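Undergrad: Model the following, please.
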Amino acid sequence: MKIVIVAVGSRGDIAPFTGLAMRLRSAGHDVAIATQRIFADTVRATGCEFRVIPGNIQELLAANAEWAEAGGGLRGIKVNLQLSRQLMDDVAAGIVPACEGADVLLLQRAAQVHGYLVGRAMSIPTIGLELFPGAPTEEFAPAAYGARSLGKWGNRSLIRLLARIPNNLDGPLKDFCRTLGLPARGVGAVRIEMTDDRHWPLLHGFSPEIVPRPADWRPGIEVVGYWWPAESSWTPPAELVSFLAAGPAPVFVGFGSMAGGHGGSIGEVVAAAVRSAGVRAVVQAGWAGLDVAGDDILRIGSAPHDWLFPRMAAVVHHCGAGTTGAGVRAAVPAVGVPVIADQPFWAARLGRLGVSPGAIRLRDLTAEPLAALIRQAVEDPSYAVTAKALAARVTAEDGAAAVIAAVDRVTAAA
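TA: This is a model prediction of the structure:
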């Protein structure tokens, strides 16, 4: 069975699908991952075929640095639409050749609308894969738009109301529909059809221990457990090994693909917070290029979270879906510094679960409040105890197995 996973976005949007792809290969499938060229080596390291989607997300984020300050709400929605337009243009330009020869398409969020249409036009079964809650529910606000509840009616209705508002994504999608020989429709109309299509599987790759499946989701929309990134044969640099051995477990600080262009200013805040909290720290430069130095601080480049996080006393991060999962899996307390989209949602969840003393938006980040949260995370043993118990439950799940079973179902029904 030829399976093509189409995934576009930052590293956190791609990494979970590398591990899933390897599990699908182990189940006997021939797997390709279609994504942007900056992740080509990551894909090839899994043994899967790499297929290219045009564009470069790192350059796109760097060229639109204001998104780091937008946060959620209407301003965040506006910035999301601007970035989404470019991403969707990239997907539209590459997805048809990327899906050539596929028997099944697995579609990460940024590729879902186009992939769903390609599947319809070419009679290829498709499955949606989400890293955060992607269907409306009365139980909480749409995760992509923040963590503040709008009440049952508002939570359930916001996405459908927004879908009716014309936006800058509709025109290009209508052109894409025409190239496929389908009726021209806007993004909102297609998303609503996907949400309501009782025959379309939409699987969520996070733990029901973190977000239980909402009771008002239709059949076929499921929460199946995390899709962990592929394990690597990574060897830690000697400097990191020496630093870890030289004292008590440090605190990790890193913001992944976030905050490009703000590495200097954020690095100063992080360094001051670490000094004030009286802890040692491993600071990952990330796409922001965090520029930080100090006697008890080690600045590192790329390192797999499944190796690094279990060696930490706590983790400070942006609360992307994948990084949040990695922190939970590692059984360490967390401090959230969310930036945009679903990140405030995950930061709030960690607080409710009792594994985090709180969060600060990146746009509001200052040294002393961050230092106070770090001290709480490290010194209050209740966070570590709760994190350990939660990790035991989460790691007992097998999210990849649910996807493999779904592939079997959709191909049998085709």
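Undergrad: that's a helix at Ser84, yeah?
TA: Yes: using DSSP: H, G, I helix; E, B strand; the rest coil, the assignment for Ser84 is a helix.
Undergrad: contacting residues around the closest residue to it other than its chain neighbours?
TA: Once flanking residues are discounted, Ser84 sits nearest to Leu169: 6.2 Å by C-beta to C-beta, 6 or more residues apart in numbering. C-beta: built from backbone N, CA, C; applies to glycine. The contact partners of Leu169, by C-beta atoms under 8 Å, 6 or more residues apart in numbering, come to 81, 84-85, 88, 186-187.
Undergrad: gap between Leu169 and Ala110?
TA: With distances taken as C-beta to C-beta, to the nearest Å, Leu169 is found 12 Å from Ala110.
Undergrad: intersection of neighbour lists for these two?
TA: By C-beta under 8 Å, 6+ apart, the residues touching both Leu169 and Ala110 are 84, 88.
Undergrad: Spatially central residue for this protein, please.
TA: Ala321 (3.9 Å; C-alpha atoms, centre = their mean).
Undergrad: That residue reaches Gly134, doesn't it?
TA: No: applying C-beta atoms under 8 Å as the test, Ala321 and Gly134 come out as separate, 10.9 Å apart.
Undergrad: Going by residue numbers, what spans are helices in the stretch 201-350 of the chain?
TA: Assigned by DSSP state H, counting those that start in this stretch, the helices in the stretch 201-350 of the chain fall at 238-245, 263-277, 305-308, 321-330, 343-353.
Undergrad: Tabulate the ones you listed (TSV), appending distance to Gly128.
TA: What follows is the helices of the stretch 201-350 of the chain, written out as TSV (distance: least, C-beta to C-beta, whole Å):
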stretch	distance to Gly128
helix 238-245	38
helix 263-277	34
helix 305-308	25
helix 321-330	15
helix 343-353	18
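Undergrad: so which of the ones you listed gets nearest Trp200?
TA: Nearest of the helices of the stretch 201-350 of the chain to Trp200, taken as C-beta to C-beta: helix 321-330 at 21.2 Å.
Undergrad: So which residues of the stretch 101-250 of the chain form strands?
TA: Ranges of strands in the stretch 101-250 of the chain, per DSSP state E, counting those that start in this stretch, are 104-108, 126-130, 202-204, 221-223.
Undergrad: Among those strands, single out whichever gets nearest to Leu117.
TA: Among the strands of the stretch 101-250 of the chain, strand 126-130 comes nearest to Leu117, with 9.4 Å by C-beta to C-beta.
Undergrad: coming back round to it: Ser26: which of the contacts of Leu169 is nearest?
TA: Met88 (32.4 Å).
Undergrad: The closest one looks like it's in a helix, true?
TA: Yes: secondary structure of Met88 (three-state DSSP): part of a helix.
Undergrad: Low-confidence ranges, the stretch 101-250 of the chain, go.
TA: Applying pLDDT under 70 to the stretch 101-250 of the chain flags the ranges 147.
Undergrad: now with 80?
TA: Flagging of the stretch 101-250 of the chain using pLDDT under 80 yields the residue ranges 145-148, 232.
Undergrad: mind checking pLDDT for the closest residue to Phe255 other than its chain neighbours?
TA: Distances taken as C-beta to C-beta, 6+ apart put His318 closest to Phe255, at 4.4 Å, once the chain neighbours are dropped. pLDDT for His318: 93.
Undergrad: isn't His318 right up against Gly256?
TA: Yes: counting by C-beta under 8 Å, Gly256 is a contact partner of His318 at 5.6 Å.
Undergrad: still on that earlier bit, ok, the residue nearest to the centre of the chain - contacts?
TA: Counted by C-beta under 8 Å, 6+ apart, Ala321 has contacts 12, 16, 131-132, 206, 342, 346.
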